[in-house]
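Colleague: make a model of this:
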Amino acid sequence: MLFRTVTKVCWNLMTVALILFSNTTLSAAGEKSFSIEIDSQEAEYTIDVQGTANPENIEIVIENLGAVAVESPRITVNGKYDWFDMESMVGEITAGCTTDEEKAMAIWQWVHWKRFQRSPFDRSSLHPVRAMNGYGYGICGHTAAWLKALFTQAGLKARVQEIWGHTISEVYFDGGWHMVDGNVKVFYLGRDNRTIASLAELEQDGWLIERTIHPRDPWVRQDDSPGRNKEFVRYIVTSGDNFEEHSYDSEIKKTYTMGYSLKPGEKLERWWQPVLEKFEGRSQRAKVPQKYANGRLSWEPDLAKIDILDYLNVIENVTTSHQDGVAPAIHVAELQNDNYTRAARFTIPVKSAYPVVGGKFYCTLRKDQGASAQVFYGTPAWSNANLHSFRWGFGQQNVELYLDNFILDDSSHYGYEIGFTIAGNGRNGRSAQAGVEKFKSVTDLQVSPHSLPALSLGRNVIRYRDSSPSQGRKVRITHRWKEAEGNSPPKRIIHSEQPAGGQTVATLAPVLRWKSAGDPDGVSDVTDYQVMVSLRPDCRWPVSMSLYRNVGSAESQWQVPDSFLNPATSYYWRVRARDTSGAVGEWGDVFSFETAADAR
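Modeller: Below is the predicted model:
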């Protein structure tokens, strides 16, 4: 066992982060685990990850070890993954952006690399907070709705446009509308070779679409097939049936958040893989999502230490041992007799910020002879329990209940209730008490793996915070990962051979050459390069998607295609490499060239 000392951090004069305990362990399987206990509203700690590349993140767990509920616990790593609400999401995406164009392009890029193609059944997945935390996938309508919501949150005008067989977004900046497609990961350069075209321009000028590639993923960036290219031309230029879409507005205007209450004895586990192999809508379709993950919310309160009455939805006639000293822990407040016939009714609510895709419920029922207990999925009725009945006999009964058939219907769920109807007996001087001695809920979740606070290679600064005003909190956070050993990604490209830095070229289709990337450990050879040409010195986005291409071979050169560059203009470019093992290197240095005034 390795012990790590973590320094106490003061965020401001009112909040001091008190870290009670932390340690790092190494399992026999090579997995590393780091745990830390915190009893304050905010805290910061570090984890150093070794290896040759980013690690395999396995699990992150947060447990409530205290006696009070912890409200909306949040964890970020290196300032990322704070997707709690629209404000925090857009704040992270647009960090460092100073212009409306930069904000718009940052949002577009963020969305299209954090989604997969599949339509959730959950209508609330039209909202970015629900979609990007819980699913990570959607079709063109979802993607356009997310973009409109995020653009609007960033203070930009935006609209969703339905075109023939497809849905896209437009965002307004620099005095005009600009069409960006988050689903196909494309925008179209206008005739001036500087401005992103609007839908109105594209409806009148199909050539702007024809000259543009439509990438499929980060590394499939080669020429379209003729059929694929014509498909997008047909979508857009058939302008007679294009129209602005408003049907998503009611959903994206809602104020969804990832807020939840972590109750005493409750634990939230999140995994980067589909450990449970459960996903929304699987009762309607067998096809597994391209990428998804699972989590689990488990609640097993110690009823001897906390008064569970505060966490029940009491309908009538319910009390606890903490209130009157009578067993079992949850029981009938007033026994039934000729003057009072109403049974005890209550529910145990389970709420999640993530979609619920299954679960189990365990409880121990206890009753005296002549009493009864019934368990329901949902609000309790007077009879005919849909989960379990304990009418005959007496004593203790351990119950294990499966909830999947109730949860995996055609609706989306972010919580449920387990209901109880418990009847005692106070007639004829023979008291018969009944109730619940203990319980445990296990709720299966679906999570989007790219929303999870992932560790990366090197030093990771993790920030914890919650919104609980009360004292008495105590949480334990556990990270589990496996460090990458073996193949290292290719080296950065740091030398250009043609054009030389800042050189003026006489052509609008220059050949770009660079010094080959090496493999630092000799395990794999470079098999492909990817090139981006931009009007920006930071190469934040390309001139056109056609100037963001992979070469398709280990040849360290690429010719800029015709029609995209202007004379007397400065351009910037960079390259990254991929090896035969699939490892992708970092983008290299930014190089530049200038086109001559008479370049053709």
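
Colleague: looking at this, residue 48 is in a strand?
Modeller: Yes - secondary structure of residue 48 (DSSP: H, G, I helix; E, B strand; the rest coil): part of a strand.

Colleague: excluding its backbone neighbours, what's nearest it?
Modeller: residue 459 (5.4 Å; Cβ to Cβ, 6 or more residues apart in numbering). From N, CA and C alone the C-beta is placed, and that goes for glycine too.

Colleague: am I right that residue 152 sits in a strand?
Modeller: No - counting by three-state DSSP, residue 152 is not part of a strand but helix.

Colleague: any weak-confidence spans in the chain?
Modeller: 1-22, 24, 26-28, 410, 428-430, 519-523 (pLDDT under 70).

Colleague: and it, split by domain according to the record?
Modeller: If you go by automatic domain parsing, the domain ranges for the chain are 9-71+258-272+452-482, 86-252, 297-447, 496-595.

Colleague: quick check: end-to-end length of the shortest one?
Modeller: Okay, so that is domain 496-595. Domain 496-595 has an end-to-end distance of 17 Å (Cα to Cα, to the nearest Å).

Colleague: and what of the third one?
Modeller: Its start and end residues considered, domain 297-447 measures 12 Å (Cα to Cα).

Colleague: for residue 287, which of the domains of the chain is the nearest?
Modeller: Smallest distance to residue 287 across the domains of the chain (Cβ to Cβ): 8.1 Å, for domain 86-252.

Colleague: show me where the stretch 201-350 of the chain has strands.
Modeller: Along the stretch 201-350 of the chain, counting by DSSP state E, counting those that start in this stretch, strands occupy 243-245, 261-262, 266-271, 293-299, 313-316, 318-320, 330-332, 344-351.

Colleague: re earlier: for the residue nearest to residue 48, which three-state class applies?
Modeller: With three-state DSSP as the criterion, residue 459 reads strand.

Colleague: thinking again about what came up before, in CSV: the domains of the chain, plus distance to residue 291.
Modeller: Output for those, formatted as CSV (distance: least, Cβ to Cβ, whole Å):
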stretch, distance to residue 291
domain 9-71+258-272+452-482, 10
domain 86-252, 5
domain 297-447, 11
domain 496-595, 16
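
Colleague: mean neighbour count and distance to residue 489 added to the ones you listed, as CSV?
Modeller: Output for these, formatted as CSV (neighbours: other Cβ atoms under 10 Å; distance: least, Cβ to Cβ, whole Å):
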stretch, mean neighbour count, distance to residue 489
domain 9-71+258-272+452-482, 18, 6
domain 86-252, 19, 13
domain 297-447, 18, 27
domain 496-595, 18, 4
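
Colleague: so who does residue 188 touch?
Modeller: 179, 196-197, 202, 208-209, 212, 544 (Cβ atoms under 8 Å, 6 or more residues apart in numbering).

Colleague: between these, which sits nearest residue 414?
Modeller: Of all the contacts of residue 188, residue 179 has the smallest distance to residue 414: 33.9 Å, by Cβ to Cβ.

Colleague: how far away is the nearest residue to the closest one once chain neighbours are set aside from residue 208?
Modeller: Take residue 179 and drop its neighbours on the chain: the residue closest to it by Cβ to Cβ, 6+ apart is residue 199, 4.7 Å away. From residue 199 over to residue 208 the distance is 11 Å, taken as Cβ to Cβ, to the nearest Å.

Colleague: how are the helices of this protein distributed by residue range?
Modeller: 86-93, 100-112, 128-134, 140-153, 199-204, 207-210, 226-237, 249-252, 321-324, 404-407 (DSSP state H).

Colleague: in CSV, list the ones you listed along with distance to residue 296.
Modeller: Converted to CSV, the helices of the chain look like this (distance: least, Cβ to Cβ, whole Å):
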stretch, distance to residue 296
helix 86-93, 24
helix 100-112, 28
helix 128-134, 14
helix 140-153, 26
helix 199-204, 44
helix 207-210, 46
helix 226-237, 41
helix 249-252, 27
helix 321-324, 28
helix 404-407, 13
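
Colleague: next up, phi/psi of the closest residue to residue 326 other than its chain neighbours, please.
Modeller: Nearest non-adjacent residue to residue 326, counting by Cβ to Cβ, 6+ apart: residue 433, 6.8 Å away. Torsion angles at residue 433 (phi, psi; degrees, to the nearest 10) stand at phi -90, psi 160.

Colleague: now residue 433: how far from residue 548?
Modeller: From residue 433 to residue 548 the distance is 72 Å (Cβ to Cβ).

Colleague: got a list of what residue 90 touches?
Modeller: By Cβ under 8 Å, 6+ apart, residue 90 lies in contact with 107, 150, 153-154.

Colleague: residue 598 and residue 512, how far apart?
Modeller: Counting by Cβ to Cβ - residue 598 and residue 512 are separated by 21 Å.

Colleague: could you do residue 367 as well?
Modeller: From residue 367 to residue 512 the distance is 80 Å (Cβ to Cβ).

Colleague: could you pull up the residues touching the nearest residue in space to residue 347 that is not next to it in sequence?
Modeller: Of all residues not flanking residue 347 in the chain, residue 417 sits nearest, at 4.0 Å (Cβ to Cβ, 6+ apart). Taking Cβ under 8 Å, 6+ apart as the contact definition, residue 417 lies against 313, 347-350, 377-379.

Colleague: for residue 553, state which of those is nearest.
Modeller: Out of the contacts of residue 417, the member with the shortest distance to residue 553 (by Cβ to Cβ) is residue 350, at 54.2 Å.

Colleague: beta-bridge partners for the closest one, please?
Modeller: Beta bridges link residue 350 to residue 416, judged by DSSP bridges.

Colleague: ditto for residue 575
Modeller: residue 531.

Colleague: pretty sure it contacts residue 526?
Modeller: No - Residue 575 is beyond contact range of residue 526, at 10.9 Å (criterion: Cβ atoms under 8 Å).

Colleague: and stretch 483-495, what's buried?
Modeller: Under the neighbour-count criterion of 16 or more other Cβ atoms under 10 Å, stretch 483-495 has 483-484, 487-493 buried.

Colleague: now do the longest strand seen in the chain: which elements does it pack against?
Modeller: Ranked by residue count, the top strand of the chain under DSSP state E comes out as strand 434-447. Strand 434-447 makes packing contacts with helix 128-134, strand 266-271, strand 293-299, strand 330-332, strand 344-351, strand 356-367, strand 372-377, strand 415-423 when contacts are defined by 3 or more Cβ pairs under 8 Å, 6 or more residues apart in numbering; DSSP states H and E.

Colleague: mind putting these in JSON lines, distance to residue 159 included?
Modeller: JSON lines is the format used below for these (distance: least, Cβ to Cβ, whole Å):
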{"stretch": "helix 128-134", "distance to residue 159": "16"}
{"stretch": "strand 266-271", "distance to residue 159": "35"}
{"stretch": "strand 293-299", "distance to residue 159": "33"}
{"stretch": "strand 330-332", "distance to residue 159": "53"}
{"stretch": "strand 344-351", "distance to residue 159": "34"}
{"stretch": "strand 356-367", "distance to residue 159": "33"}
{"stretch": "strand 372-377", "distance to residue 159": "42"}
{"stretch": "strand 415-423", "distance to residue 159": "34"}
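
Colleague: quick one: closest of those to residue 62.
Modeller: That would be strand 266-271 among the helices and strands packed on strand 434-447, by Cβ to Cβ, at 5.2 Å.

Colleague: returning to that earlier point: closest to residue 272 among the contacts of residue 417?
Modeller: residue 350 (23.5 Å).

Colleague: so how far is residue 443 from that closest one?
Modeller: Residue 350 is 5 Å from residue 443, by Cβ to Cβ.

Colleague: likewise residue 360?
Modeller: Distance, residue 360 to residue 443, by Cβ to Cβ: 9 Å.

Colleague: and for residue 413?
Modeller: 9 Å.

Colleague: residue 268 is in contact with residue 258, isn't it?
Modeller: No - Residue 268 lies out of contact with residue 258 (Cβ under 8 Å); the separation is 11.0 Å.

Colleague: ok, the spatially closest residue to residue 305 that is not a sequence neighbour to residue 251 distance?
Modeller: Excluding its sequence neighbours, the residue lying closest to residue 305 (Cβ to Cβ, 6+ apart) is residue 67, at 6.8 Å. For residue 67, the distance to residue 251 equals 38 Å [Cβ to Cβ].
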